[in-house]
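**Q** Here is a sequence together with a model predicted from it:
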Amino acid sequence: MVEPGGATRTRSAVITARAAASFEPEGRSVATARAFVRDTLQGWGFADIVDDAVVLTSELVTNAVVHAGTRADVLCLRSADGVRVEVADHYPEREVPLQHPDRAYASPDHEGGRGLMLCAALADRWGVEYATAGKHVWFQLALPARPVGTRSAGPVVPDAQLPVTDTRVRVAVLQIDRQGLIAAWNEDAEQLFGYSADKATGRPLADLAAWPHTPGTGTGIAEALRLSRWEGSYGLRGADGRVIPVYASHLRVRDAAGEPSTVCLLVQDTERAVLQTPARTAAPADPGQLSETRAGDPFEVFIGSPAPDDLDSLLQRTVERARDMLDGDAAFLLLATDDETELEVRATTGLPSTRQRFARVPVEAGTSRYGSARMPAVHDDLTAVPGAVPLLNGTGMRSVVTVPLKVEGRLTGSLGVAAETPGRYSNDEALRLQFAADRIALAVESARLGELERLRRGSLSFLVEASDLLAGTLDRDQTLALMAQMTVPTLATWCAVYTIADPASEPLLSYVLHEDEELIDGLKALLSRMAPPEPAADQTVRHWTAPSEAARQAALRTSMRTVGLGSPHDHTSGIGTTLATAAAVAGETVVLPLMARNRVIGMLTLGKPAEEHFRQEILELAEDLSRRAALALDNARLYSERMAISRSLQRSLLPPSQPAIPGMEVEVIYRAAGEGNEVGGDFYDVFPIQDGTYGFAIGDVCGTGPEAAAVTGLARHALRLLAREGFGGPAVLERLNAAILDEGARSRFLTLLYGELRPQDDGGAALKLVCAGHPLPLRLRPDGTVEPAAEPQPLLGVMDDLELYEEHLTLDPGDVLLCVTDGVTERREGTRMLGDDGLADVLTTCTGLTAGAVASRVLRAVERFAAEPASDDMAILAFRVPEPRQGD
């Protein structure tokens, strides 16, 4: 036998009554055992210790019938000192745990061993007896020591610690009839509130009461007056119009004729100690026990010590204690939203585990709603009032009692206990549950606010990170992917993004993501077969039931086809995949509009798997994210459209095809500076003129970007037109100079190398060159000699009168003519610059290379000269006369 603290188990006290019962290993036995112990102790007149006995019995019987899986035997023994309850299981060959003074029996966060912890916390004495055929756990609860005739008593305290009252304590006594009218009004009531008896009697109490529990002043107090007993604070409006805070105790009575009425005792709220029911004090603990003392705090008396630290654990323990206290089959707790319009399911026991978590129900009365979530309510038979408690629909529960959780008169939640049999609860149980709710309301609200603050801090961090990611790209597809990846799995289990190109277009399914990658294809196929959600211009979250319905229908068709009942034309995927997809989308699905610049550009759809719901805080966070994502998506769209237009215009400034000259090797490399620019201030062109003569040009307009590109287009098209009109090189450039100056303020100066090339029958090529302020072309001979191929002349776009001349040059077989813009020669790194000499050195190494290889080597040398990307446009144009092949 094991007993904490080394105490010996004894039955020396005279046993005056005993009761015993056995319970089979099934879930219903736990509730039946609680009822047995409650009925037994109440029959013995031990109401003061019933709650503790029921809680301990519930835990110990649960260990026996649920965890050990054996029959549980419960024995109650009454003596003059109190009650001993023994619970025995029949689990054989159990290992006897070793004891140590510093060893804890269990952790309050784990199911195993929690019964022994409760024994240590609540019982005056307890112990465990191990045998080969099972185990006995016993606990003893002592009755408070009271003088004869005393129902409750407190200790003697110093006078300085006594409650403070006025010199003359006034207790107003009111009697309220069946209709809620004041039937009696004593002298103290006249003194407290200023109304004489003849002025007060006959008036509804609701006219005077400032009831804190409802927005109006009638409904709440009218229901409270029908309870068998009620105790608490409210206000009473005096004759001078001031609201006087009072503490009240209501008792429902009936007269000899059976007519009910309510007797109300009221004192000023500062003197509430006169009427307030004292908290039950615990007997001092045995020094040999593990626990130091039984908890005296009302909250810990109900919850147990130590209390859970996190909100979810606190709520779960609350519903378990409430269920045990009222011998219920199920219990639930809902928390109110900030505006007190809805209640959100946060904890249940005895109900389907997760099917209702975070589901929301409205607070106010109406069809399929709670009759009143702001006041205690008792439903004797839910089948008579279908939908009175939506949470219990389809659960088999018949009777239920619900009470509000309130902090400073504000509704913060609702606590309910339900049973499978009708008529289980009355106003007495409602009052007991309300007292328990009052004990834990403040702690629950404090934990809820702490959780909300942590969630909001996390939300801000999440939104900051999301904004940074969305701002970091202007690519539409990447923006869609980011939207989905940020929501899954942080906010939802799956996500689908629909986009709308213009107001006349249908929504297009653009991106689908699920936290399980294997379900993405099935989910995408399901959503593709169904109509998209209707676009809505409002910013509210909308629920969408179509995906879950479509998934269920698909699963049904697949199942029927599997058993040979379906249509042979149903070509759906395998039953496993279909059922997995159905489960994935069977929970709550919401649609958030993507609004940008007063237009709906898409919809963000978030979903949960079967039986799961979204938290209100998560939906609010999703709304914030959708607004940011919509703007990022629209920015990406506008950027893509602008880039498409820009590229189309820029491509029109480039030669339509790669230049080719018979008998010559020609290579062009062009790089425009600036993101998204295909054409800048540098340009090139190679084009046929007439009779085997080809014109070519390479130039550089002052500046880069679209402004420089505009002059580029003018120069390139003017060169072609003038050259084909038969003008020579100097005349072409002089007329182009005039055209540039005609642009006025938009004009830009231009450096240009223009030439005409004519292949010769002997394999060489005759050239005519005009170099107007441009970097000089370089000639590479087969022996590695590099030399300038022209002389510098004035640039264009600066002076009206230009005197340009044409230079003649013949390229021999194997010769290379290299033409570049200043983006090549002015490549810099710090104070170093590639320059004309550096370019000549690079060209010297290109002997024997083709025109393409020469251009590539020059580009590679320019890129390697500095680590930073080039900041100027760059064009490279290379001509080479092929050497005759051997045997030609």
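**A** Right, received. Where do you want to start?
**Q** Pull the contacting residues for V14.
**A** By CB atoms under 8 Å, 6 or more residues apart in numbering, V14 lies in contact with S79, A80. Placement of C-beta: from N, CA and C, glycine included.
**Q** Could you list the single helix or strand in the chain with the lowest mean pLDDT?
**A** Using mean pLDDT, DSSP states H and E, the weakest-scoring helix or strand in the chain turns out to be helix 298-303, at a mean of 57.
**Q** Dig out what A248 forms beta bridges with.
**A** G232, L266 (DSSP bridges).
**Q** can I assume it is in contact with E231?
**A** Yes. Applying CB atoms under 8 Å, one finds A248 in contact with E231, separated by 7.0 Å.
**Q** can you list residues touching both of these two?
**A** Shared contacts of A248 and E231, counting by CB under 8 Å, 6+ apart, come down to L275.
**Q** Need the three-state assignment for E641.
**A** helix (DSSP: H, G, I helix; E, B strand; the rest coil).
**Q** What sits closest to V243 if chain neighbours are left out?
**A** Distances taken as CB to CB, 6 or more residues apart in numbering place G235 nearest to V243, at 4.1 Å, with adjacent residues excluded.
**Q** Would you mind measuring from that neighbour to N393?
**A** G235 sits 38 Å away from N393, going by CB to CB, to the nearest Å.
**Q** of the two, who's got more company?
**A** Remark: of G235 and N393, G235 carries more neighbours, 18 against 13, as counted by other CB atoms under 10 Å.
**Q** Within the helices and strands, which one has that one?
**A** strand 229-237 (DSSP states H and E).
**Q** Please save the CA atoms from that strand in PDB.
**A** Taking Å, rounded to 0.1, in the frame of the first residue of the first chain, the C-alpha atoms of strand 229-237 are listed here in PDB:
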ATOM      1  CA  ARG A 229     -31.600  32.200  -6.800                       C
ATOM      2  CA  TRP A 230     -29.400  35.000  -8.200                       C
ATOM      3  CA  GLU A 231     -26.600  37.100  -6.700                       C
ATOM      4  CA  GLY A 232     -24.600  39.900  -8.200                       C
ATOM      5  CA  SER A 233     -24.200  43.600  -9.000                       C
ATOM      6  CA  TYR A 234     -26.300  46.000 -11.000                       C
ATOM      7  CA  GLY A 235     -27.500  49.600 -10.700                       C
ATOM      8  CA  LEU A 236     -30.800  51.100  -9.400                       C
ATOM      9  CA  ARG A 237     -31.800  54.500 -10.600                       C
END
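**Q** What residues of that strand count as buried?
**A** Buried residues in strand 229-237, counting neighbours by 16 or more other CB atoms under 10 Å, are found at R229, W230, E231, G232, Y234, G235, L236, R237.
**Q** cool, and stretch 597-615?
**A** Applying a neighbour-count criterion of 16+ other CB under 10 Å, one finds 600-609, 611-614 buried in stretch 597-615.
**Q** how far does it sit from the chain's center?
**A** What separates the centre of stretch 597-615 from the centre of its chain is 11 Å, taken as CA atoms, centre = their mean, to the nearest Å.
**Q** Span of it from start to end?
**A** End-to-end distance for stretch 597-615, by CA to CA, to the nearest Å: 29 Å.
**Q** quick one: secondary structure of R748?
**A** coil.
**Q** Pretty sure the residue nearest to V243 sits against V246.
**A** Yes. G235 lies in contact with V246 (CB under 8 Å); the separation is 6.8 Å.
**Q** What ranges in the stretch 651-800 of the chain fall below the confidence cut-off?
**A** 674-680, 703-706, 745-747 (pLDDT under 70).
**Q** for it, what spans make up the helices?
**A** Using DSSP state H, counting those that start in this stretch, the helices of the stretch 651-800 of the chain run over residues 705-724, 729-741.
**Q** Hey, what's the angle from the last one to helix 705-724? Just curious.
**A** Yep, that's helix 729-741 we're talking about. 140 degrees (axes from the mean of the first three to the mean of the last three CA atoms, to 10 degrees).
**Q** what sits up against helix 729-741?
**A** Contact partners of helix 729-741, identified using CB under 8 Å, 6+ apart, comprise 711, 714-715, 718-719, 722-723, 727, 747-750, 752, 754-756, 768-770, 772, 796-797, 799-800, 802, 804-806.
**Q** List buried residues within the residues you listed.
**A** Among these, those classed as buried by 16+ other CB under 10 Å are 711, 714-715, 718-719, 722-723, 747-750, 752, 754-756, 768-770, 772, 796-797, 802, 804, 806.
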